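# 3D, please:
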Amino acid sequence: MLTRLLTNLDDIEACLLSGEGHVIGGEGKGNFTLYHQARRMATTLQIGRVEEMWFEGELTMVATTIRGGASLWLTSDVLPIGRLSHEARTIRPVIEDLIEV
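Predicted coordinates for the structure are as follows:
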């Protein structure tokens, strides 16, 4: 069900990584090392939690924190960063419910 949810996003590659960096679902890619470094920096600097990271270039990418230490990575070469962010916030609660079951 999780894989189906992640592959139903048009023009978006999606990947869900566990808290240890293992792929839980989807067919996209995520950079767990970068995500882990951002979380450590936020803790060290005492600026709060990392909720979402945005990357823009030839591809746009959004990484969103999922409850339990997992992360959702969405990548597109046609959609703007704001649309990816919206999609991530929309499916995050659904994914968190699926993981808890």
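
# C-alpha from now on. contacts and neighbour counts both.
OK.

# Identify each buried residue in the helix ranked longest in the chain, please.
With DSSP state H setting the assignment, residue counts place helix 81-100 as the longest helix in the chain. With burial defined by 16 or more other CA atoms under 10 Å, the residues of helix 81-100 counted as buried are 81, 84-85, 88, 92, 95.

# Then stretch 8-22?
Applying a neighbour-count criterion of 16+ other CA under 10 Å, one finds 12-19, 21 buried in stretch 8-22.

# out of those, what pair is the most spread apart?
Between any two of the buried residues of stretch 8-22, the greatest separation by CA to CA is 22.1 Å, found for 12 and 19.

# any idea which helix or strand carries the spatially most central residue of the chain?
Per CA atoms, centre = their mean, the C-alpha nearest to the average position across the chain is that of residue 72, at 2.1 Å. Counting by DSSP states H and E, the element that carries residue 72 is strand 70-76.
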